[in-house]
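Engineer: here's a sequence, model it:
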Amino acid sequence: MAAHLTPAGQFVIDSSQASQLLLAFGRIRAQESGCGRAARRLVKVMAQAHTEAATGGSTSSLESDESRWRAVTERDQDADGSFVYGVRTTGVFCRPSCGARRPLRKNVSFYPDPAKARSAGFRACKRCKPELMPPREHHKGLVVEACRRIERAEREPSARALAEAAGLSHYHFGRVFKAIMGITPKQYAMAHRARIASQNLRRSTDVTSAIYESGYGAPSRFYESARHRHGMTAQELRRGGNGIEIRHAFADSSLGLVLVAATSKGICAVLFGTSRHELALELRNRFPNAVFQEAERGSDFEQWVEHTVEYLDGSCRPFDLPLDLRGTAFQERVWRALLEIPKGQTVSYTEVARRIGRPKAARAVASACGANPVAVVIPCHRVVRTDGSLSNYRWGIERKRRLLERESSE
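Structural biologist: Residues are numbered from 1 along each chain as shown. Predicted coordinates:
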């Protein structure tokens, strides 16, 4: 299925730096440049670093021994710096993420900092070195500085150059950057350059000059990126999306009234509703600057609508129409993961988060499922709670139950 889916530390010591960075990114639309989520994540990392530098500890809520023990059992790196724990049978104190063999709960006591653990008679673990700066906090500073280097550079710095500046190996730096930002340095650089291009295209009267001024070596580089990032051409982007033609049609399906919409690139929306007026309004809210046309009888698009409705009704025929979806880099990763869930099976939000390499992003996965613009085609209905129970569904919990029952019986 062809798809156009639109992913030595210096701590922030001044909270205004974080807000200045957010302003530098501007009020961008994530579907236009793909870097909105990366920008917000970087601001969050910087703000958290500032808060921790000011308070001398983590911002996470680990006030009870129960929550601290859970952090130890999960080897939670985010808890490093919040407390240390001593093991009475070994006389050693460790940071929460220490990879040593897990002790018994009855042998563990918690201390707010290494000094208190030492005064209680414990010695520092030689494996996790709990008296040094937590590795993850050090890495946050490296990532913030790497992002600044990318933004300041006239030409995109290579990943190897960024790794050397950070004092890490090329492979290690790539893993650290993606673990904190959720995307690779290359993806961050592409998103940053795409944002600059988006701004330049709106200001300039010459599309080609705007593309070169944004750092692209050739217009073809921009158009190759725009096909996946923007979902529109340079001229369309310059006009703020005005003029994009979207054909749409209403149809009755076994799951209720449905609206199917498509651009020239592919299906861009499959929406359920109770009235045509409601569905038309939602489509216009999703694409406020587009030109809408109802489907003509006998057109190729009418065949697309028929094929889509057949799929919604449970046809065994695979959905092989192209898609033109516009979302953030993170949403794209989630949607691709959903497409890999076989019919008749379900997975939890936590499992989807693990599959995309973001095990703690279950809530963000749920948000991405809710933002899915093509109901059933991107099977967000196959995602359930960890205990197997049905969670909220954008198109109604009863519709989700019917879909799962039908697929499990096929």
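
Engineer: tell me how many other residues surround residue 295.
Structural biologist: 20 (other CB atoms under 10 Å). Backbone N, C-alpha and C define where each C-beta goes, glycine included.

Engineer: list the contacts of it.
Structural biologist: By CB atoms under 8 Å, 6 or more residues apart in numbering, the contact list for residue 295 reads 247, 248, 249, 301, 302, 305.

Engineer: excluding chain neighbours, give the residue nearest to it in space.
Structural biologist: residue 249 (3.9 Å; CB to CB, 6 or more residues apart in numbering).

Engineer: picking that back up, the contacts of residue 295 into JSON lines, with extra columns for distance to residue 352, pLDDT and neighbour count?
Structural biologist: JSON lines is the format used below for the contacts of residue 295 (distance: CB to CB, whole Å; pLDDT from 0 to 100; neighbours: other CB atoms under 10 Å):
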{"residue": "247", "distance to residue 352": "32", "pLDDT": "91", "neighbour count": "22"}
{"residue": "248", "distance to residue 352": "30", "pLDDT": "93", "neighbour count": "23"}
{"residue": "249", "distance to residue 352": "31", "pLDDT": "93", "neighbour count": "22"}
{"residue": "301", "distance to residue 352": "32", "pLDDT": "87", "neighbour count": "19"}
{"residue": "302", "distance to residue 352": "34", "pLDDT": "87", "neighbour count": "16"}
{"residue": "305", "distance to residue 352": "29", "pLDDT": "91", "neighbour count": "23"}
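
Engineer: contacting residues for residue 131?
Structural biologist: By CB under 8 Å, 6+ apart, the neighbours of residue 131 are 114, 124.

Engineer: which element is it on?
Structural biologist: Counting by DSSP states H and E, no helix or strand carries residue 131.

Engineer: where does it land on pLDDT?
Structural biologist: The per-residue pLDDT reported for residue 131 equals 90.

Engineer: for the residue lying closest to residue 322 once chain neighbours are set aside, the count of nearby residues, please.
Structural biologist: Of all residues not flanking residue 322 in the chain, residue 266 sits nearest, at 3.2 Å (CB to CB, 6+ apart). Residue 266: 18 surrounding residues under other CB under 10 Å.

Engineer: hmm, residue 266 is touching residue 326, no?
Structural biologist: No. Look at residue 266 against residue 326 with CB atoms under 8 Å: they stay out of range, at 11.2 Å.

Engineer: what's the average pLDDT for the helix or strand harbouring residue 353?
Structural biologist: According to DSSP H and E, residue 353 maps onto helix 349-355. Regarding helix 349-355, the rounded mean pLDDT is 92.

Engineer: quick one: average pLDDT of the following helix or strand past it?
Structural biologist: Using DSSP H and E, the helix or strand that follows helix 349-355 in sequence is helix 362-370. Averaged over helix 362-370, pLDDT sits at 89.
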